[in-house]
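Colleague: Turn this into a structure:
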Amino acid sequence: MPERGSCPSCGMDLADPDPELSSISEIKNLLQSNDEPLPTIKADLLSRQSVVESSLADIVERVKGLKSAIERLKKHQKALQSDSESCKIILHVARKVPDDVWVIIFEMATITQCGSSSQPLPAPVANSRITQALWNLS
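Modeller: Numbers count the residues shown, from 1 in each chain. As a prediction, the model looks like this:
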């Protein structure tokens, strides 16, 4: 298995940590009883405790930093999505249609199906014809 080293982006040590205390048989026995640990185990626990607390504090700080970085990335993502939508709206194919063509489309949309009446169509019918005309253009 290749050696893992540290993370290239944050520098976090990726090496396997020491085994958890609860996996060491002497510690299991001490946790289940009320016995005082042997001096060697007590010294090992005291040195391990300072390392664990230091590592824990380091991880807590890294998590805070990562949360902050994630929030900044989410804000940047929203800004880019907004910019993308604006670009799509501005570059939409309907904007290429000349104004005189739009005038013709709107005039045609308000003419009755027979074409002989000068009465405009009711708004919903006119709107549906305009929408259909726009759909056909795109």
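Colleague: make it CA atoms for all contacts and neighbour counts henceforth
Modeller: Fine.
Colleague: what's the longest helix in the chain?
Modeller: Secondary structure assigned by DSSP state H gives helix 39-90 as the longest helix of the chain.
Colleague: which element follows it toward the C-terminus?
Modeller: helix 99-109 (DSSP states H and E).
Colleague: what mean pLDDT does that next one have?
Modeller: For helix 99-109, the mean per-residue pLDDT is 79.
Colleague: which stretches of this structure aren't confidently modelled?
Modeller: 1-23, 110-138 (pLDDT under 70).
Colleague: Domain-wise, how is it divided?
Modeller: Split into domains by automatic domain parsing, the chain comes to 19-91, 96-138.
Colleague: Quick one: those domains as CSV, columns for mean neighbour count too.
Modeller: Below are the domains of the chain laid out as CSV (neighbours: other Cα atoms under 10 Å):
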stretch, mean neighbour count
domain 19-91, 12
domain 96-138, 13
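Colleague: related to what we said a few turns ago, can you spell out which helices and strands pack onto the longest helix of the chain?
Modeller: Under the contact definition 3 or more Cα pairs under 8 Å, 6 or more residues apart in numbering; DSSP states H and E, helix 39-90 sits against no other helix or strand.
Colleague: start the count at 7, not 1, going forward
Modeller: New numbering, starting at 7: the last item is helix 45-96.
Colleague: List phi and psi for residue 40.
Modeller: phi -110, psi 20 (degrees, to the nearest 10).
Colleague: Okay, it and residue 46: tell me how far apart.
Modeller: With distances taken as Cα to Cα, to the nearest Å, residue 40 is found 17 Å from residue 46.
Colleague: And residue 92, by the same measure?
Modeller: 68 Å.
Colleague: Check residue 53 too.
Modeller: Per Cα to Cα, residue 53 is found 11 Å from residue 46.
Colleague: Repeat that for residue 74.
Modeller: From residue 74 over to residue 46 (counting by Cα to Cα), the distance is 42 Å.
Colleague: isn't there a helix covering residue 34?
Modeller: Yes - judged by DSSP: H, G, I helix; E, B strand; the rest coil, residue 34 forms part of a helix.
Colleague: And it, how close does it get to residue 41?
Modeller: For residue 34, the distance to residue 41 - Cα to Cα - is 11 Å.
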